[in-house]
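*Asks:* Model the structure of this input:
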Amino acid sequence: KDVHKTKYMEKTLDPVFTVKHDSTFVLKESRLELEKHGLTFKAKDYDATGSDDLGSVIVPADQILKADDTRMEFAFAHPKGKKKAAGFIAIKCRPATDSDEQFLSHVKEADKSKKSSFGIKSAFSGLGSGKVGGIFKQNKVKDSDTGVTSYRIRPEPDPEFPKATEWMSKKQIEIESLKPSKKWLDLGSGELAKVYLEIIGCDGLEDKDGGLQKSNKTDSFCTLVYEDCMATTDCVDDCLSPRLLPWMKRAFILRMEHTSSPLNIAVFDSDTGPLSKHQTIGKVSINLANLKPRTEYLLYYNLYESGVIGNREPKGVLKIRMRIQYNSQRKAIMSSLGAPPKITVNVDNSSDYRLIRKTIQGRKDATKYDIDTIKSYVDELKTYQQATFFIQDALTNILFWRGTYPVSLPFVP
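*Replies:* Here you go, the predicted structure:
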């Protein structure tokens, strides 16, 4: 019986299948059946009227069951009536985990709703409610009796209580934002620890959409990049101090591979036009090695346009909640002794690439020739020059056995 079928690739004799071609699947079969028949792979030439066999190979059950996610190559047998070389197939397999099945379910849901291949909503599809609706839709009302101003909850109220959460005051929004998140997105492939991250909101963001319309303000969303994964939050339209509430897309479980891997978070202004690009408001890079396990942190970080350019001015404040859970304290300590591995995050379009690059580097690219970049490097060299005094003083104390702290001893004649 057929257990899986990939999508076809056009005009190539050396196809490389990825997740978007349905290359990955979970095989659910009894061990007895697998040992009896093995697993047969067939390559076919796709045509609208049918498909021609290009070759096939039977992989024995013992090789499937002993596989450890390393690449294996198998030569195709010649199809009947053909003498030309049939080529080969390269596969990788391993025992499936709950995370694998969860990832594939996210991918299938993403295909149905035109999401990205990460299994999460693309930052470029449906962010915000659109500027036409944002301009003509009233986002706040003031009660004439109490004088309390209520704000429309964006992008949407709680699906479980839509009427009760459609309008809320600032105080109600602040209290609601600190409640536990209802939905968590599990990301990454590391096995060292789990980082539980909730992006609560921002304060004092720069207005990127300022114009004649006073209600037209920044449409902000956050992007995070950590090791081999990236994700985006929901977008809050026309607000300079947005809050992401518990039912929104704001909570992420990040699987750690190395303790020194930085967590990069950036805030963008969403522009949904066909020729528009999301504008960077600010970013922050967080060192997770400073976090203690079994401790929940509520943290505030200033947002800057770049992580390396000197004389920076904050572009707002990011508010997050975070805790970390190590699977093994010993492995975490041993991991800190080595350098973080080089990790590549693959994307399938230039828009996602720009988002990831700006999240890591900021709005200004420090590798390009620029006066501000040169000045920042000069300032950095000056700080090294100031540090030479302290280095010389420390070396002198070591060479001449000078005490760091003066100690007075009482003398009795």
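
*Asks:* Quick check: the gap between residue 15 and residue 45.
*Replies:* Between residue 15 and residue 45 the computed distance is 11 Å (C-beta to C-beta, to the nearest Å). Placement of C-beta: from N, CA and C, glycine included.

*Asks:* Name whatever forms a beta bridge with the most centrally placed residue in the chain.
*Replies:* When the chain is reduced to its mean C-alpha position, the closest residue under C-alpha atoms, centre = their mean turns out to be residue 230, at 1.9 Å. In this structure, residue 230 bridges to residue 225 when assessed by DSSP bridges.

*Asks:* sorry, back to before: and residue 15 and residue 45? which has more neighbours close in?
*Replies:* A direct count of neighbours by other C-beta atoms under 10 Å for residue 15 and residue 45 places residue 15 higher, at 13 against 10.

*Asks:* what's near enough to touch residue 53?
*Replies:* With contacts defined as C-beta atoms under 8 Å, 6 or more residues apart in numbering, the neighbours of residue 53 are 42, 43, 44, 79, 80.

*Asks:* Please list all residues in contact with residue 251.
*Replies:* Contacts here follow C-beta under 8 Å, 6+ apart; on that basis residue 251 touches 181, 183, 184, 185, 196, 197, 198, 199.

*Asks:* With adjacent residues omitted, what lies nearest to it?
*Replies:* With sequence-adjacent residues excluded and distances taken as C-beta to C-beta, 6 or more residues apart in numbering, residue 251 is closest to residue 181, at 3.5 Å.

*Asks:* what's the neighbour count on that neighbour?
*Replies:* Residue 181: 21 neighbours (other C-beta under 10 Å).

*Asks:* Below-threshold pLDDT in the stretch 51-200 of the chain: ranges please.
*Replies:* Counting by pLDDT under 70, the ranges of the stretch 51-200 of the chain that qualify are 51, 80-85, 110-137.

*Asks:* so how far is the first residue of stretch 265-284 from its last?
*Replies:* Distances were taken as C-alpha to C-alpha, to the nearest Å; on that basis the terminal residues of stretch 265-284 are 5 Å apart.

*Asks:* Need phi/psi at the residue nearest to residue 251.
*Replies:* Listed backbone geometry of residue 181 is phi -70, psi 150, with angles given as degrees, to the nearest 10.

*Asks:* need the contact list for it.
*Replies:* Shown here is residue 181, whose contacts under the criterion C-beta under 8 Å, 6+ apart are 198, 246, 250, 251.

*Asks:* Pull out the buried members of the residues you listed.
*Replies:* When neighbours are counted using 16 or more other C-beta atoms under 10 Å, the contacts of residue 181 contain these buried positions: 198, 246, 250, 251.

*Asks:* of all the residues you listed, which comes closest to residue 88?
*Replies:* For residue 88, the closest of these turns out to be residue 251, at 43.6 Å, with distances computed as C-beta to C-beta.

*Asks:* Could I get the contacts of residue 53 in JSON lines, plus columns for neighbour count?
*Replies:* As requested, the contacts of residue 53 are exported to JSON lines (neighbours: other C-beta atoms under 10 Å):
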{"residue": "42", "neighbour count": "15"}
{"residue": "43", "neighbour count": "19"}
{"residue": "44", "neighbour count": "15"}
{"residue": "79", "neighbour count": "17"}
{"residue": "80", "neighbour count": "6"}
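
*Asks:* Against residue 330, how distant is the closest residue to residue 250 other than its chain neighbours?
*Replies:* Counting by C-beta to C-beta, 6+ apart, residue 250 lies nearest to residue 244, which is 3.9 Å off, once chain neighbours are set aside. Look at residue 244 and residue 330: by C-beta to C-beta, they are 36 Å apart.

*Asks:* wait, what's in contact with residue 301?
*Replies:* Contact partners of residue 301, counting by C-beta under 8 Å, 6+ apart, are 265, 284, 286, 317, 318, 320.

*Asks:* quick one: which of those has the most company?
*Replies:* For the contacts of residue 301, the largest number of neighbours (other C-beta under 10 Å) sits with residue 318, at 24 neighbours.

*Asks:* Buried ones in stretch 155-162, by neighbour count?
*Replies:* Within stretch 155-162, the residues that count as buried by 16+ other C-beta under 10 Å are 155, 157, 158.

*Asks:* and of those residues, the nearest to residue 393?
*Replies:* Minimum separation from residue 393 among those (C-beta to C-beta) is found for residue 155, which lies at 57.0 Å.

*Asks:* buried stuff in the host helix or strand of residue 202?
*Replies:* Following DSSP states H and E, the helix or strand that holds residue 202 is strand 193-203. In terms of neighbour count (16+ other C-beta under 10 Å), strand 193-203 has its buried residues at 193, 194, 195, 196, 197, 198, 199, 200, 201, 202.

*Asks:* same deal with stretch 332-342?
*Replies:* Those would be 332, 335, for stretch 332-342 by 16+ other C-beta under 10 Å.

*Asks:* distance between the ends of it?
*Replies:* End-to-end distance for stretch 332-342, by C-alpha to C-alpha: 18 Å.

*Asks:* Can you tell me what sits against it?
*Replies:* The set of residues that contact stretch 332-342 without belonging to it, under C-beta under 8 Å, 6+ apart, is 192, 193, 257, 258, 259, 260, 261, 289, 326.
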